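[1] need a structure here:
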Amino acid sequence: MRTLWLERYFKFPERQTTLSTEILAGTTTFLAMAYIMFVNPSILASAGMDRTALITVTCVVTALATLATGLLANAPIAPWRRAWGSMLFLPTRLCWARR
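    Prediction:
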């Protein structure tokens, strides 16, 4: 049986998984985390930041972090920016904007 380079690189046989299982898992993870693309910008937009730019930045940074983790670290995790991280930043931004 011919082994795909993806199967070798990500060690599917060692981890007892298949490409189709990993695609399903990735899709499920994306759908579970997709809410943050809209929640995070909404929270930060209340501090006067541009909502469209925030959506773009959230998507780009999350995609780059996920790709770097998967391809470089060969780790099956998806890092994302949680909404509470924005809530910690928001008071600082609001105080700075009032000065």
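
[2] List the contacts of E7.
    Shown in contact with E7 (C-beta atoms under 8 Å, 6 or more residues apart in numbering): P13, L19. All C-beta atoms are positioned from the backbone trio N, CA, C, and that covers glycine.

[3] What is the subsequent helix or strand relative to the helix or strand where it lies?
    Assigned by DSSP states H and E, E7 belongs to helix 5-9. Under the assignment DSSP H and E, the closest C-terminal helix or strand after helix 5-9 is helix 19-33.

[4] Which positions within the following helix or strand past that following helix qualify as buried?
    Next in sequence after helix 19-33, counting helices and strands by DSSP H and E, comes helix 36-45. Buried residues in helix 36-45, counted by 16 or more other C-beta atoms under 10 Å: I36, M37, N40, P41, I43, L44, A45.

[5] From A47, how far off is the fourth one?
    As for P41, its distance to A47 is 11 Å (criterion: C-beta to C-beta, to the nearest Å).

[6] same deal with the third one?
    Between N40 and A47 the distance, using C-beta to C-beta, works out to 12 Å.

[7] Let me see the domain layout of this structure.
    Listed by automatic domain parsing, the domain ranges of the chain are 1-33, 34-99.

[8] In stretch 11-22, which residues have enough neighbours to count as buried?
    Here stretch 11-22 shows F12, E22 as buried, counting by 16+ other C-beta under 10 Å.

[9] again, but for stretch 42-61
    I43, L44, A45, A47, L54, I55, V57, T58.
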